[in-house]
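> Make a model of this:
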Amino acid sequence: SVVRQLKKDGGGADDLAEAVKALQALKIQAEELTTKITPTSEEFNRKAFDDLVLRKMFVVPSFEIHGGVKGLFDLGPPACALKAAMIDLWRKHFVLNESMLEMECTCLTPQVVLKTSGHVDRFTDLMVKDPETGECFRADKLLEDAIDDLLEANPGMPTEEREDHLRTQRQADAFSPTELDELLKKYECKPPSGKEFSASFPFNLMFQTSIGPEGTSVGYLRPETAQGLFVNFRRLLDLNAGKMPFAAAQIGLGFRNEISPRSGLLRVREFCMGEIEHFVNPKDKSHPSFSTVADKELVLFGRDDQLGSGKTKTMPVGQAVKEGLINNETLAYFMARTQLYMERIGMNPAKLRFRQHLATEMAHYAADCWDLEIQSSYGWVECVGHADRACYDLDVHSKATKTPMVATQKLSEPVDIEFAKLKFDRKLLGQVFKKDQRVVSGILEALAEDWSDFAPVVETLEKDGKITLEGYEVTKEMVTWTKSKKKVQEMKFVPSVIEPSFGMGRVLYSLLEHSFYQRDADEQRVVMGFNPQVAPHKAAVLPLSSSKEMFAVVDEIAAELMDQDLSTRVDKSSTALGRKYARADEIGVPFAITCDFDTLKDGSVTLRERDSTNQIRLGRDEVVNVIWKFVHGKLTWSELTQKYPLVSVAEGDGQAAATKETTVVVNTGRGRFHRPVK
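A predicted model of the protein is given here:
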C-alpha cells in the first residue's frame, strides 16, 4: 500500500525505490516464516523404519556374522517376494504391453566390449582421499553433504543466497576435478583426520577380473545390462522380421565398485537393473502410442529451472514435447509410462519428479536425458534414467567390429535422394593409411549415402584442405566427389536408442519408505501399506481358537488361496488376535481372513482390510475370489463394503468400537459374539 500511495502521490524515484526494496525484503521474510511454520512433509520416523526393516528381515547386511561388507545387502523373504512382484508387474507393464524382445545376457563382459563402449576409459567418479588414513570419499557427495549441513545450520539464510547454494549442489557431479577441489575448500570439507583432502581424481567403478585360468583374457562384471542388447542388435532385428521401431529389454544384475557406499540400498555394489533399449529412426522419433499418454501430467524440473528459479513445473507430456522441453515423443512416452508404473506399484505421486540433465552432465552424443527422482528421507534420489542416446552405441560397436548395425525402412512411394558419388586416389590412400585405407574409404562412403551428412565434409575440405574423421586426417587430394540424385524405395539408417534404465534396488527401497507408516492411535503399531498387487503376502488366514476343526478350515482356505497363486500367511500361534493382525500389518499383508466359531456353523468368515482396519463378513466360498479381484485391480474396498455390511472389532482391548454398522463383533474371554450396535 505504501508503494501504491507513493505512485499515486507522484513520489520521488529514490523514495519509490526504497519502498520497493523494503517490500521485497518483507516478502522474503514472509516466505521464510511460512517455510518454518508449515511442514513440507510428514516427519519420517527413521528409527522405527530401520527397526522394522531389520526385525522383519526385509533387508539385512550381507555376511553379518563376519562383520559385513559395505555396499552389500541381502534381501530377506518379505523383500524378496516384494521385488519379485515388482519385476513381474514391470514385465507386464512394459515387456508384454509393448511386445518387447526380452533377453538375458551374461554378467561377465570381455574388456574389448567395454573398451569400445567407453566404459574402460570414462566410467568413473571423482574421488578424494584422507592423506593420513588413506580412506576414500566420493568428492561430489562430500560437496552435496556440506551444502546440506550449511543450509540446515542456517535456517534463516536469505532466499537468494540459499538458492545459489542449491544451484551449486545440483551441479555437483558435473564439475571438473579442479572446480570440485576449489568448492570443497570453499565449503570447508575436511576428512576425519582434519587435514586437507587430496586432489580429486577419476576412479573407474568397474570390477575387473580374468576370464579363463591363463589370466590373459581381461573381463569385467558388467556395470549395466545394455551392452548385451546392443551387440545382439542384428539378431534381434532379424527376429523382429526387420520391423522398426522395436524395443529390447533385460532384467539382471549390474556391478559398480562404489567409492563410499551408504544410504542402505541407494548406493550399493551389486544391484538389479531393468533396462529397455527402444530402437528408432533418428529422423522420426514419434511414437505410435503417444496419444494414449499425451495428457498425463508429470512434474518436470528442466535444466533452465534448475539454474534459475529452482522450481518445478507440472504439465502434460504432450505440451512438454510441443514446447520443446522434452526432446521427442518416444522419450516423453516412456517417461509417462514410468510414472504410471510407479503409481501402479504404490509410490506416492507427490514424491515423484523428472529432472533434466544439465548440459554439463550429458554425454556429448546424447540428445536429451531425464531422471525420475523419488523423494525419500535421503532427499531426491535418481531411480530411473531416461536417455536419448542417439546412434552412439550401435555406431561404436559397428566400427570396432566392422559389422553393419543398419535398419531398413520401406517407403510407400519411391523418393529422390541426394548423395555424393566418390572417386578415391587409392594409391595416395594406401601410402598414407596403409592397411587402414579400407576403413577410411568406408567412413567416407557411409557419409556419402546422404548429401546432408557429406555436405559438412565438403565444406571443411574446400575451406581447410583437410578434415579429421574418427581419428584419420583426410586431405582434399585423396577424394573427389560429385553431387548426384537417385531414386530409392527404402531408407537405410543406424537407429537411435531411447533408453529407460531402472535401478530396481532404489525403487524397492523407495517403495518401502513410501509404504511405511504408524497408526495414529498407537505409534508402536507400524504398518507397511503395500499395494495388494505387489504385497509379499496377499492375505493372512487366522484362527480364533486352537481347535482341530478350526485349524482344518484355516488350512483349507489357505490351500484354496494358493491354488489361485495368491501367496498366503497362516498364523496358528496362541497369541491374541489383535497381535496377529499387527504382525500381518508389519509385513504389509493387505487382507486378513479370520475363522471364528460362526465359521464352523455357517461357513462365514470376516475379512479385514489393513489400512482402514474395517471388517466385513462374507461366505468362505466367496473370499478367495474377492482376494483375487483385489490383487488384480478388479475390485476396491469401497465397492465391497457397499455389498457386505461392516462389522467392527476393537483390536486392542476387545471393546466394541463406535460405528455406523448394524452389527458388532466382540471378543471376550468366553469367545467371540455378535450383538446389535447401541
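> what does stretch 339-353 rub up against?
Here stretch 339-353 makes contact (Cβ atoms under 8 Å, 6 or more residues apart in numbering) with 86, 89-90, 93-94, 293, 296, 298-301, 312, 354, 372-376, 380, 507, 510-511, 514-515, 529-531, 533-534. The way it works is simple: take the backbone N, C-alpha and C, and place the C-beta from them, glycine included.
> Could you do stretch 133-153 as well?
Judged by Cβ under 8 Å, 6+ apart, the contacts made with stretch 133-153 from elsewhere in the structure are 125-130, 157, 162, 165-166, 168-169, 172-173, 175, 177, 180-181, 183-184, 187-189, 191-193, 197, 200, 203, 258-260, 379.
> PyMOL command for the buried members of the contacts of stretch 339-353?
Here is the PyMOL command that selects only those of these that count as buried (16 or more other Cβ atoms under 10 Å):
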select buried, resi 86+89+90+93+94+293+296+298+299+300+301+312+354+372+373+374+375+376+380+507+510+511+514+515+530+531+533+534
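> Among the contacts of stretch 339-353, which are located in helices?
86, 89, 90, 507, 510, 511, 514, 515 (DSSP state H).
> so the second one touches residue 532, yeah?
No. Taking contact to mean Cβ atoms under 8 Å, the distance of 11.5 Å between residue 89 and residue 532 leaves them out of contact.
> where does the stretch 151-300 of the chain dip in pLDDT?
Flagging of the stretch 151-300 of the chain using pLDDT under 70 yields an empty set of residue ranges.
> Remind me which helix or strand residue 49 belongs to.
Residue 49 belongs to helix 46-55 when assigned by DSSP states H and E.
> For that helix, buried residues please.
By 16+ other Cβ under 10 Å, the buried positions in helix 46-55 come out as 49, 52, 53.
> what's the next secondary structure element after it?
Remark: after helix 46-55, the chain's next helix or strand is strand 59-61, criterion DSSP H and E.
> Name every strand pairing with the helix or strand following that following strand and say which way it goes.
Next in sequence after strand 59-61, counting helices and strands by DSSP H and E, comes strand 73-75. The strands beside strand 73-75 in its sheet (DSSP bridges) come out as strand 59-61 (antiparallel).
> outside of the partner strand, which residues touch it?
Contact with strand 59-61 is made by 53, 54, 68, 72, 73, 74, 75, 76, 79, 264, 265, 509, as judged by Cβ under 8 Å, 6+ apart.
> and the fifth one, how many neighbours does it have?
For residue 73, the count of nearby residues is 23 (other Cβ atoms under 10 Å).
> Could you find the closest non-adjacent residue to it?
Nearest residue to residue 73, sequence neighbours excluded (Cβ to Cβ, 6 or more residues apart in numbering): residue 59, at 5.3 Å.
> What does the pLDDT read for residue 425?
On the pLDDT scale, residue 425 is placed at 91.
> just so I have it, where are all the helices in the stretch 51-200 of the chain?
Taking DSSP state H, counting those that start in this stretch as the criterion, the stretch 51-200 of the chain contains helices spanning 77-90, 111-117, 119-122, 139-153, 159-170, 177-186.
> Give me the distance between the longest one and the centre of its chain.
Read that as helix 139-153. Taking the mean C-alpha point of helix 139-153 and that of its whole chain, the gap between them comes to 24 Å (Cα atoms, centre = their mean, to the nearest Å).
> From residue 362, how far off is the closest residue to residue 636 other than its chain neighbours?
Closest residue in space to residue 636, ignoring its immediate chain neighbours: residue 630 at 8.0 Å, by Cβ to Cβ, 6+ apart. When Cβ to Cβ, to the nearest Å is the yardstick, residue 630 and residue 362 sit 43 Å from each other.
> the more surrounded of these two?
With neighbours defined as other Cβ under 10 Å, residue 630 and residue 362 compare such that residue 630 has more, 24 against 17.
> what inclination does the helix or strand hosting the more buried one have with respect to helix 77-90?
Using DSSP H and E, the element containing residue 630 is helix 620-631. Compare the direction of helix 620-631 with that of helix 77-90 by axes from the mean of the first three to the mean of the last three Cα atoms, to 10 degrees and you get 70 degrees.
> Many thanks, I have nothing further to ask.
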